[in-house]
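Novice: With the sequence up front, the predicted model follows.
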Amino acid sequence: MNPARILVVDDDPHARDLLKRLLGMLGEVTQASDPKMAAARMAEEGPFDLVFTDMAMPNAGDGLLVLHEVRAHLPDTPVIVVTAFGNIEGALDSIQQGAFDYLSKPFDVDAIMRVARRALEQKRLVEENRSLRKQVDRGAMVGRSPGLLEVYKQVARAAATSVPVLITGETGTGKEMVARALHRRSPRSTGSFIPVDCGAISESLMESELFGHARGSFTGATGARRGLFEEAHGGTLFLDEIGDVGPKVQAQLLRALQEGEIRRVGESAPVKVDVRVVAATNKDLKARVAEGLFREDLLYRLDVVHLHLPPLRERREDIAALVEHFAALHARGGVAPVVAGEAMARLTAYDWPGNVRQLENVVARALALNVTGVLGPQDFPEPIGDAPKKLIGLAGDMPSLAELSRRYAAHVLQHVGGNKSEAARLLGVDRKTLYKLLEAQEPEE
Ligand SMILES: Nc1ncnc2c1ncn2[C@@H]1O[C@H](COP(=O)(O)OP(=O)(O)OP(=O)(O)O)[C@@H](O)[C@H]1O
């Protein structure tokens, strides 16, 4: 490890010498007699690991200038300010503006060494965590349960082919993540991965979204447009919530899969497309076939390779690894917290109806509120931990985007006296989407 580099700023040469001798035990010390010289040293000599600055340098300038300079250019470098004995106001002021700690003159040698060691240790931890965090890959699938290992194996096998894949599993189990992994590992990875949420748009819009349209084929269609099938040419089209697709689009999807060609809305000439279709659903498609809501022939076409993601409560052995993963991913200031044994036991025992997505939310919220660096049962809402839900809400819990949309949609609806068509028009969505917006719930925790 390189020796620590420490900058000492003080207009008093005796104070500088004393600090140089002491701090010399912890690293290399550079001196500056005023804020201007300190700025020059920083510019010329590169980053320092720790800065000591006097606060009041009567003819040389204010130590706060040094503090601001460091905060602006070296945000990870701790600054320790030195104040005159009794100047508590100034000391607190500097802490508020981002100083790591303060010491007062006359110097207490032990205190200097203690605070300096602590500051350097924190700097090292921040750096370590930052590099660790860089290694936390958002796209990496975490978990080694038998259920997931089976999925990984099937992904590896299916990746070499272009056959359709159907991914089933409850909400938040990682279906889209698996679809992306499949794309990344396939020879198609140089092409696009295009996700489509089939539940979010009306059938007529869906048709032109997927297949494109000819010029003037419907009101509002001013120019010809390629659909997502054509966009995904050479790549992967991910149809999420395939169970929500209406009968007309189902028929067109079937033709696209059977013949490898599509027709733009309003055009008769077919267009050849080379697309791997990956579909996902959290519904029971066989039951929908039995109810006459989903075409059986389409189900067979889609279900060539079937991947099933088990719910988290059926692979509890993955929970600890996921908690650690999300704790590192969402750590504030780069410092990943420790998860206490009792908290981990409770997280592992919980049933997670919203699966991995809910677990990520819960860990991210606990981190946002925690100040101790140790996550205990009190950091998680009931029924997982001991924190009452309300208290967490009051402490600055952010509503989800879905919840904000729901509140906004409800507000608009109230504004137009409950007229849903009018509310949908004002919001620029169709009625189906309006219903969805109004139904959206905060994830259950
Ligand atoms: N095994 C895993 N490792 C790491 N992160 C995961 C894992 N599984 C899921 N996630 C994360 O959980 C969140 C939900 O995953 P994803 O969107 O893939 O779920 P889904 O099954 O497609 O959900 P929905 O059915 O609601 O569309 C994402 O942020 C994803 O990155």
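Specialist: In hand now; what should we look at? Numbering: from 1, shown residues only.
Novice: from here on, contacts and neighbour counts on C-alpha atoms
Specialist: Will do.
Novice: For the residue nearest to R315 when sequence neighbours are not counted, give me its contacts.
Specialist: Among residues not flanking R315 along the chain, S145 sits closest, at 6.0 Å (CA to CA, 6 or more residues apart in numbering). For S145, the contact set (CA atoms under 8 Å, 6 or more residues apart in numbering) comprises R315, E317, D318.
Novice: can I assume the last one sits in a strand?
Specialist: No - using DSSP: H, G, I helix; E, B strand; the rest coil, the assignment for D318 is helix, not a strand.
Novice: nearest to Y300, of the contacts of S145?
Specialist: Distance to Y300, by CA to CA, is smallest for R315 among the contacts of S145, at 28.4 Å.
Novice: The closest one and Q358, how far apart?
Specialist: Distance of R315 to Q358, given as CA to CA, to the nearest Å: 15 Å.
Novice: What about the residue of the stretch 201-350 of the chain found nearest the ligand, how many residues nearby?
Specialist: Here the stretch 201-350 of the chain gets closest to the ligand at one residue, N282, 5.9 Å apart by CA to the nearest ligand atom. N282 has 18 neighbours, counted by other CA atoms under 10 Å.
Novice: Please verify my assumption that it contacts T173.
Specialist: No - N282 lies out of contact with T173 (CA atoms under 8 Å); the separation is 9.5 Å.
Novice: What residues are bridge-paired with the nearest residue to V305 once chain neighbours are set aside?
Specialist: Nearest non-adjacent residue to V305, counting by CA to CA, 6+ apart: V165, 4.8 Å away. V165 has these beta-bridge partners by DSSP bridges: V278, V305.
Novice: all strands for the stretch 51-200 of the chain, in order.
Specialist: Using DSSP state E, counting those that start in this stretch, the strands of the stretch 51-200 of the chain run over 56-57, 61-62, 79-84, 101-105, 165-168, 193-197.
Novice: want to throw these into TSV with mean neighbour count?
Specialist: As requested, those are exported to TSV (neighbours: other CA atoms under 10 Å):
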stretch	mean neighbour count
strand 56-57	18
strand 61-62	17
strand 79-84	24
strand 101-105	19
strand 165-168	24
strand 193-197	18
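Novice: Could I get the ones you listed in JSON lines, plus columns for mean pLDDT and distance to the ligand?
Specialist: Shown next, in JSON lines, are the strands of the stretch 51-200 of the chain (pLDDT from 0 to 100; distance: least, CA to the nearest ligand atom, whole Å):
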{"stretch": "strand 56-57", "mean pLDDT": "82", "distance to the ligand": "50"}
{"stretch": "strand 61-62", "mean pLDDT": "82", "distance to the ligand": "47"}
{"stretch": "strand 79-84", "mean pLDDT": "89", "distance to the ligand": "37"}
{"stretch": "strand 101-105", "mean pLDDT": "86", "distance to the ligand": "38"}
{"stretch": "strand 165-168", "mean pLDDT": "98", "distance to the ligand": "8"}
{"stretch": "strand 193-197", "mean pLDDT": "93", "distance to the ligand": "8"}
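Novice: how about these, which one is nearest V416?
Specialist: Among the strands of the stretch 51-200 of the chain, the nearest to V416 by CA to CA is strand 193-197 (28.5 Å).
Novice: next SSE after the closest one?
Specialist: Sequence order places helix 203-211 as the next helix or strand after strand 193-197, per DSSP states H and E.
Novice: Okay, helices next: where are they in the stretch 1-150 of the chain?
Specialist: For the stretch 1-150 of the chain, the helices defined by DSSP state H, counting those that start in this stretch cover 13-23, 35-45, 63-73, 88-96, 109-135, 146-159.
Novice: quick one: low-confidence parts of the stretch 101-250 of the chain?
Specialist: By pLDDT under 70, the weakly predicted segments of the stretch 101-250 of the chain are 128-139, 216-223.
Novice: what residues does the stretch 201-350 of the chain put near the ligand?
Specialist: Within the stretch 201-350 of the chain, the positions near the ligand by CA under 6 Å from any ligand atom are N282.
Novice: right, I mislabeled it, should have said the stretch 51-200 of the chain
Specialist: Counting by CA under 6 Å from any ligand atom, the stretch 51-200 of the chain comes close to the ligand at M141, V142, G143, E170, T171, G172, T173, G174, K175, E176, M177.
Novice: Kindly reformat those residues as TSV containing neighbour count.
Specialist: Output for these, formatted as TSV (neighbours: other CA under 10 Å):
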residue	neighbour count
M141	15
V142	17
G143	18
E170	18
T171	19
G172	21
T173	22
G174	20
K175	23
E176	18
M177	15
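Novice: list the contacts for G86?
Specialist: Going by CA under 8 Å, 6+ apart, G86 touches S104.
Novice: And F326, how far from A140?
Specialist: Distance from F326 to A140, counting by CA to CA: 12 Å.
Novice: With H308 instead?
Specialist: Separation of H308 from A140 (CA to CA) stands at 18 Å.
Novice: more crowded one of those two?
Specialist: Of the pair H308 and A140, H308 is the one with more neighbours under other CA under 10 Å, namely 19 against 11.
Novice: who touches that one in this structure?
Specialist: Applying CA under 8 Å, 6+ apart to H308 gives the contacts V151, I167, T168, G169.
Novice: Also D386?
Specialist: Taking CA under 8 Å, 6+ apart as the test, what D386 contacts is P377, Q378, D379, F380.
Novice: swap in R144?
Specialist: Here R144 is in contact with E317, D318 (criterion: CA under 8 Å, 6+ apart).
Novice: L237 pairs with what?
Specialist: Assessed by DSSP bridges, L237 has beta-bridge partners I194, V277.
Novice: quick one: contacts for it?
Specialist: F193, I194, P195, V196, L228, F229, V275, R276, V277, V278.
Novice: got those as CSV, with distance to D34 columns?
Specialist: Output for the contacts of L237, formatted as CSV (distance: CA to CA, whole Å):
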residue, distance to D34
F193, 56
I194, 57
P195, 58
V196, 60
L228, 62
F229, 65
V275, 66
R276, 66
V277, 66
V278, 64
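Novice: Please name the nearest non-neighbouring residue to E422.
Specialist: The shortest distance from E422 to any non-neighbouring residue, by CA to CA, 6+ apart, is to V416 (6.9 Å).
Novice: Same question for M141.
Specialist: In space, and not counting its chain neighbours, M141 is closest to M177: 7.6 Å by CA to CA, 6+ apart.
Novice: Kindly provide the distance from the one you found to L65.
Specialist: From M177 across to L65, the span is 48 Å (CA to CA).
Novice: Repeat that for L22.
Specialist: Counting by CA to CA, the gap from L22 to L65 is 24 Å.
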